[in-house]
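Enquirer: Model the following, please.
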Amino acid sequence: MSLFSVFTLLGGLAFFIYGMNQMSHSLERIAGSKMERIINKMTKNRLSGLLMGCIITVAIQSSSAVTVMLVGLVNSGLMNIGNTVAVIMGSNIGTTITAWLMSLVGISSDNVFVKMLKPESFSPILAFVGIGLIMLSKKPVKKDVGNSFVGVAILMYGMMLMSSSVAPLADSPSFSGLLVSFKNPILGVLTGLIVTAIIQSSAASVGMLQAISMTGSISYGMAVPIIMGQNIGTCATAILSSIGVNKNAKRVAAIHLSFNLIGTLFFMVLYFGLHMIFDFSFVDEPIKPMGIALCHSIFNIATTVLLLPFSNQLVMLASKTIKTEPERQIAFLDDRIFEMPSIAIGECEKLSHEMAEIAWRSVSEAINNIFDHSREADEHIADAENMVDKYEDRLGSYLIRFSGREISVNDSRTVSKILHTIGDFERISDHSLNLTESAREISEKGIVMSESAEKELKKLGEAIEEIVQKTINAYISNDAVLALEIEPLEQVIDVYTETVRQNHIDRLRKGECTIERGFVLADILNNYERISDHCSNIAIAVIQADSDTYDPHEYIKNLHTNDDMQYERLYNIYREKYISEG
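Expert: This next block holds a predicted model:
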C-alpha cells in the first residue's frame, strides 16, 4: 500500500468522522426540546425504552454518545439504573442505520433509479441543497437541515475516499497474506475491538470494514467476528466516561459492556458451532458492504431479543461487578449530558421548576409563620433558602456555558428564560427568610399587633400567596395567558401596601400603635412588596419567552401608557378582592 493511499485512507476517515459529527449535531439541534421529552418516555417500560433508545441513536448517530449521556443522567440522579438497560439495547440497534447508509457505496447497476442511490450521484445534490439552505435561509431550523445534508455528503465522500484508497489492495499479495490471519475468529474479534476503541466510533470502524470489503478480499467468516468485536470496542467511550462517577453510573457502563460481551460469546459459539455441523457455504464467500450492514443489524437485534427479558439480571451482574462503595455526593448536573444540549437544557428546566416550587413553599410557610411562629418552620425556611441558593449557583454556572455553543432557537429561549428567572426565585426565597426573622422577633419580644394591622397583614399575605402561586404555575406550565394576570395583581399589592403604611402612620398619630410594632410592620411590608416585584419579573420572562428580546422595562412602560382593557379588567377584579374588602 503506497504512502499516498495511506494518506487518502486517513483523509477519508477524517471526512467520515467529521461528516458524522456535523450530521449528528445538526439533527440534535433540529430535535431540540423533543429530545428531552423522549428521555422522559424512556422510563415507562422496556419496550418504550428500547424504542426511544433506537430513535435517539438514529437521530444523533452515536450509540456511544447515548451511553455516555445515560452515565451522566444516572450520576446526576435524574435516571434510575434499571431504566437504562432497554435504552442501551435500543441504541445498539439504532447505530446500525449508519452501516445501511454507507452500504449504498457498494451498489452497482445500470438502472438509472438505482444509480441515483449511489453516493457519488446523490451526495453532490445533498451538498448543493445543504449549502443553499445554510446561505439563503434565515430560520435556524432550515440552516440545521442544511448542515445535516452537508454532513451526510461529507460522510459519504469520506466513505468513497476510503474505498478508493483500499481498492489497489485487491491485487496485493502481502495484503492477501495478512487477511489469512483474520480467519482466526478470536483475532477478528480483537481487531474489531481495538480499532473501534481507538477511534471511539463503531460506525467509523464498520465503515472502514465496508470500504475494505469492496476489494472482495473479506469473507463472511472474517467479517462476522470483526463486527462482534466492534460492538465490544464501542463500549470504550462509556467506560472512559464512567471514571470518577458514582457506582450506579459505573454500572451503566458495565451493563453496556456485559450486553455486548455476552452477545458476542453466545453468537460466536452458536455461529461457529452450527458451521461445524452444517458447514455453511457462505462463510468463505466475499462479503459486500450491504452484507456487513445486514450482519451488524442481525447481531444487535438478535442480542437484544436474547437479553431484553434478562434486563434485571444484567443490572444484578453489574451490581456484583461494581461493588458497593461509599457514595460521594451526586452531581447536580453531570458534564456528560452537557454534550447533548437539548437534553441538558431540558433537565435544567426541570430543576428550575423544582427551585420555583421550593421558593413557593417557602413563601407560604413564612406567611403562615408570622402569626403562628414555630422554630421548626424557621428551620424549614432556612434549609429551603440554602437549597435555592445552590440551585441558582449551579444552574447559572451550567447554563452560561451554552452561550458559546450552537443550540436550537427553542433551547436558546429556554436558557434565556431560566437565566432571567432563577435570580428572582432566589430573591423570593431570601425574602421568605427575612419574614421568618420578623416572625421570630414578634414571638420573642411578645409584640402584639393591633386588630386592624393584623387584619391588613393577613389580607396582604393572601394576595402575596396568590401572586406567588400564579407566578409559579405560569412559569412551570409556560402559560403566558396566566402570566398576564401577575402585573395587575402586583400593582394592586403595591397600592394596598402603601395603604397599610399610611394606616399605620394614622394609628401611630392616634396612639393606637407603637414605633416598635411599626419597625416590624415595615419590614414585613418591604418583603411582601419585593416578593411581588420578583413575581412580576418572572411573569414578564414567561410572556417574552418566545421573543428574541427581553426588555421588562419596555413591557411595563407599554402596559401603563397604552389602554389595555384586559389589564384594567384584571386590575379592578383584584382591587375589589383585596382593597375594597380590606
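Enquirer: Grab the longest helix from this protein for me.
Expert: Counting by DSSP state H, the longest helix found in the chain is helix 409-445.
Enquirer: Could you pull out the buried residues of the helix or strand following that helix?
Expert: Remark: after helix 409-445, the chain's next helix or strand is helix 451-477, criterion DSSP states H and E. By neighbour count on 16 or more other CB atoms under 10 Å, the buried set for helix 451-477 is 453, 456-457, 459-461, 463-468, 470-472, 474-476. Backbone N, C-alpha and C define where each C-beta goes, glycine included.
Enquirer: do stretch 285-297 as well
Expert: Within stretch 285-297, the residues that count as buried by 16+ other CB under 10 Å are 286-297.
Enquirer: what pLDDT, on average, does stretch 123-136 get?
Expert: Throughout stretch 123-136, pLDDT has a mean value of 89.
Enquirer: do the same with stretch 421-433
Expert: For stretch 421-433, mean pLDDT rounds to 95.
Enquirer: same question, stretch 508-528
Expert: Averaging pLDDT along stretch 508-528 gives 81.
Enquirer: and it, how far out from the chain's middle?
Expert: Remark: stretch 508-528 is offset 49 Å from the chain centroid, using CA atoms, centre = their mean, to the nearest Å.
Enquirer: number of nearby residues for Glu339?
Expert: Residues near Glu339, counting by other CB atoms under 10 Å, number 18.
Enquirer: before we move on, what about Arg440?
Expert: By the criterion of other CB under 10 Å, Arg440 has 16 neighbours.
Enquirer: give the contact list for it.
Expert: 373, 378 (CB atoms under 8 Å, 6 or more residues apart in numbering).
Enquirer: Pro488 against Lys577, yeah?
Expert: No. Counting by CB atoms under 8 Å, Pro488 does not reach Lys577; the two are 11.1 Å apart.
Enquirer: Would you mind telling me which of the two has the busier surroundings?
Expert: Pro488 (21 against 16).
Enquirer: OK, contacts around the more buried one?
Expert: Counting by CB under 8 Å, 6+ apart, Pro488 touches 567-568, 570-571, 573-574.
Enquirer: Quick check, pLDDT for Met35.
Expert: pLDDT, Met35: 57.
Enquirer: right, I mislabeled it, should have said Leu265
Expert: pLDDT recorded at Leu265 is 92.
Enquirer: Would you confirm that Asp389 contacts Glu426?
Expert: Yes. Counting by CB under 8 Å, Asp389 does reach Glu426; the two are 6.3 Å apart.
Enquirer: Look at these two and report which has more neighbours.
Expert: A count of neighbours by other CB under 10 Å puts Glu426 above the other of Asp389 and Glu426, at 21 against 14.
Enquirer: what's around the residue nearest to Met89 when sequence neighbours are not counted, how many residues?
Expert: Of all residues not flanking Met89 in the chain, Thr304 sits nearest, at 4.4 Å (CB to CB, 6 or more residues apart in numbering). Other residues near Thr304 come to 20 when the count uses other CB under 10 Å.
Enquirer: can you pull the contacts of Thr304?
Expert: 50, 89-90, 92-93.
Enquirer: Tell me the first helix or strand C-terminal of the helix or strand encompassing it.
Expert: Per DSSP H and E: Thr304 is located in helix 289-307. Scanning forward in sequence from helix 289-307 by DSSP H and E, the next helix or strand is helix 311-321.
Enquirer: State the next helix or strand along the chain beyond that following helix.
Expert: Using DSSP H and E, the next helix or strand after helix 311-321 towards the C-terminus is helix 341-371.
Enquirer: Check which residues of that next one are buried.
Expert: Quick answer for helix 341-371 (16+ other CB under 10 Å): 341-349, 351-352, 355-356, 358-367, 369-370.
Enquirer: Kindly report the same for stretch 501-519.
Expert: Of the residues in stretch 501-519, 501, 503-504, 507, 513, 517-518 count as buried by neighbour count, 16+ other CB under 10 Å.
Enquirer: Just the endpoints, please. Distance across that stretch?
Expert: This stretch, stretch 501-519, spans 11 Å end to end (CA to CA, to the nearest Å).
Enquirer: so where is the stretch 251-400 of the chain shaky, pLDDT-wise?
Expert: By pLDDT under 70, the low-scoring segments of the stretch 251-400 of the chain are 324-332.
Enquirer: The closest residue to Ser242 other than its chain neighbours sits in which helix or strand?
Expert: Spatially, and ignoring its direct neighbours in sequence, Ser242 is nearest to Ala253 (4.0 Å; CB to CB, 6+ apart). Using DSSP H and E, Ala253 falls within helix 247-278.
Enquirer: What is the neighbour count of Leu51?
Expert: By the criterion of other CB under 10 Å, Leu51 has 19 neighbours.
Enquirer: Report the inter-axis angle for the helix or strand where it lies versus helix 311-321.
Expert: Using DSSP H and E, the element containing Leu51 is helix 46-60. Inter-element angle recorded for helix 46-60 and helix 311-321: 70 degrees (by axes from the mean of the first three to the mean of the last three CA atoms, to 10 degrees).
Enquirer: Outline the domain layout of the protein.
Expert: Annotated domains of the chain cover 3-321, 340-580 [automatic domain parsing].
Enquirer: Poorly predicted segments of the stretch 51-200 of the chain, please.
Expert: Applying pLDDT under 70 to the stretch 51-200 of the chain flags residues 59-62, 76-78, 105-119, 163, 166-182.
Enquirer: ranges for the helices of it?
Expert: 63-75, 84-94, 96-102, 112-115, 119-136, 140-166, 173-180, 185-199 (DSSP state H, counting those that start in this stretch).
Enquirer: related to what we said a few turns ago, can you say which of the domains of the chain is nearest to Leu333?
Expert: With distances scored as CB to CB, the stretch of the domains of the chain nearest to Leu333 is domain 340-580 (5.0 Å).
Enquirer: what's around Lys390, how many residues?
Expert: Lys390 - counted by other CB under 10 Å - has 12 other residues nearby.
Enquirer: Any figure for the gap between it and Leu482?
Expert: The spacing between Lys390 and Leu482, counted by CB to CB, to the nearest Å, is 28 Å.
Enquirer: ok, now Met340?
Expert: On the measure of CB to CB, Met340 and Leu482 end up 31 Å apart.
Enquirer: Comparing these two, which residue is more hemmed in?
Expert: Between Met340 and Leu482, counting by other CB under 10 Å, Met340 is the more crowded of the two (27 against 17).
Enquirer: thinking that one is in contact with Ala65, fair?
Expert: Yes. With contacts counted by CB under 8 Å, Met340 reaches Ala65, the gap being 6.8 Å.
Enquirer: For Ile134, which non-adjacent residue is spatially closest?
Expert: Counting by CB to CB, 6+ apart, Gly146 is the residue found nearest to Ile134 once chain neighbours are left out, at 4.1 Å.
Enquirer: What residues does that neighbour make contact with?
Expert: With contacts defined as CB under 8 Å, 6+ apart, Gly146 is in contact with 129-134, 137.
Enquirer: Apply 10 Å and report the result again.
Expert: Going by CB atoms under 10 Å, 6 or more residues apart in numbering, Gly146 touches 26, 126-127, 129-137.
Enquirer: Identify, from these, the entry nearest to Phe278.
Expert: The closest of those, once distances to Phe278 are taken by CB to CB, is Leu126, at 43.5 Å.
Enquirer: Give the burial count for the closest one, as a bare number.
Expert: Residues near Leu126, counting by other CB under 10 Å, number 20.
Enquirer: separation between Glu454 and Thr499?
Expert: According to CB to CB, Glu454 and Thr499 sit 15 Å apart.
Enquirer: repeat for Ile579
Expert: Remark: distance between Ile579 and Thr499 (CB to CB) = 7 Å.
Enquirer: if we can go back for a sec, the domains of the chain: which one's closest to Asp334?
Expert: Minimum separation from Asp334 across those (CB to CB) falls at domain 3-321, 3.6 Å.
Enquirer: What's the end-to-end length of the closest one?
Expert: By CA to CA, the extent of domain 3-321 from end to end equals 45 Å.
Enquirer: starting at the chain centroid, how far to it?
Expert: Per CA atoms, centre = their mean, the centroid offset for domain 3-321 relative to its chain is 22 Å.
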